[in-house]
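[1] One predicted model, sequence on top.
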Amino acid sequence: MATYAIGDVQGCHEPLRQLLERLRFDPAADRLIFLGDLVNRGPQSAEVLRFARGLGDRAVNVLGNHDLHLLAVAARGDKAGRKDSFQDVLDAPDREELLGWLSRCPLAYEDPETGVLAVHAGVAPQWTRSKLLALAREAGDWISGPDAGEFYAHMYGDDPDLWRGSLKGWKRLRFIVNCFTRIRYCDAEGRIDTRHKGAPGTQPAHLRPWFEAEGRRTAQDTIVFGHWSTLGQVSWSNGKAMGLDTGCVWGGRLTALNLQTGELTGCACRGAMRPGADA
């Protein structure tokens with residue numbers, strides 16, 4: 001049995017199928033951990049959701065920012081926006097089943113066999129392993145609950161940018177979700193930055209990648225994540241942080257990591273978006 005973590009699929013169903021063929025994925029024995037952003041930008045968001053949902057307990061998806069954006073648009077009853085490509089989900093005959101499954105996906109996941117932590121974007125430097133898992137459950141209860149629409153109305157925004165245990169209400173939930181789904185950099189005080197998207201070395205001098213934050217309390221934990229297609233390499237922090245978004249939707253690769261062996265497998269992607277477009 002193998003457990004594979006897979007970077008951002010973003011509606012690219014055909015590369016996902018090719019990657020699983022290359023892995024010789026056996027749904028009766030193997031497991032998949034998708035690192036969020038199953039949907040949007042690519043051409044077949046509904047097909048990707050159907051496949052992931054159809055795997056039952058053989059697959060887990062940690063929610064990404066594009067997944068949450070789809071859920072928010074659906075909750076408002078809107079059409080997909082100009083930059084979105086998930087109208088196929090909103091128009092699907094099995095729309096409610098797909099959206100319901102997606103809303104129940106966690107924000108963070110701890111693999112029971114290897115202990116590896118999976119998130120879409122990253123974690124706040126102040127959080128321990130147990131704290132981040134508890135906060136993921138706290139915010140996840142809102143996302144999967146009956147008042148999710150009220151949460152989505154307050155989800156967008158960059159404030160607050162610093163974790164405090166005293167945070168309450170929508171600000172607390174927004175910070176938690178922003179860390180798990182949008183963070184790339186933070187400053188020396190632990191303030192998160194969601195705006196700068198370039199590779200390490202291109203950011204303002206006062207920022208550093210979240211996984212290199214001084215005093216990060218999960219520094220000894222292995223964390224796999226997606227979200228950051230411009231990183232330029234997979235392994236960071238002596239192999240404790242593994243960034244698996246290798247730009248499939250931009251014409252890069254779709255990458256899987258075998259959590260038991262550490263082996264990386266990828267397949268080339270034609271790309272559905274122009275490099276440099278708004279991610």
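    Nice, thanks for sending it over.
[2] Going by neighbour count, list what's buried in stretch 55-69.
    Taking 16 or more other C-beta atoms under 10 Å as the neighbour-count basis, stretch 55-69 is seen to contain the buried residues 55, 58-69. Every C-beta, even on glycine, is put in place using the N, C-alpha and C of the backbone.
[3] Apologies, that question was intended for stretch 222-239.
    Within stretch 222-239, the residues scored as buried using 16+ other C-beta under 10 Å are 222-231, 234, 236-237.
[4] got the CA positions of stretch 236-256 in CSV?
    What follows is stretch 236-256, C-alpha atoms only, in CSV (Å, rounded to 0.1, in the frame of the first residue of the first chain):
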residue,chain,number,x,y,z
TRP,A,236,12.7,23.0,1.5
SER,A,237,13.8,23.2,5.2
ASN,A,238,16.0,20.1,5.0
GLY,A,239,13.1,18.1,3.5
LYS,A,240,10.6,19.0,6.2
ALA,A,241,8.6,21.2,3.9
MET,A,242,7.6,19.8,0.5
GLY,A,243,5.9,22.1,-2.0
LEU,A,244,4.1,20.0,-4.6
ASP,A,245,2.4,22.6,-6.7
THR,A,246,4.6,22.4,-9.7
GLY,A,247,2.4,24.4,-12.0
CYS,A,248,0.2,21.9,-13.8
VAL,A,249,-2.4,24.4,-14.9
TRP,A,250,0.4,26.7,-16.2
GLY,A,251,1.9,24.1,-18.4
GLY,A,252,4.3,22.7,-15.8
ARG,A,253,4.0,19.3,-14.1
LEU,A,254,1.5,17.5,-11.9
THR,A,255,3.6,16.0,-9.1
ALA,A,256,2.9,13.2,-6.6
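[5] got the buried residues for that stretch?
    236-237, 241-250, 252-256.
[6] try stretch 122-133
    122-127, 129, 131-133.
[7] Walking through the chain, point out its helices one by one.
    Assigned by DSSP state H, the chain shows helices spanning 13-23, 45-54, 65-76, 87-90, 95-103, 129-143, 148-155, 169-182.
[8] if we can go back for a sec, which of the buried residues of stretch 236-256 fall within strands?
    236, 241-243, 253-256 (DSSP state E).
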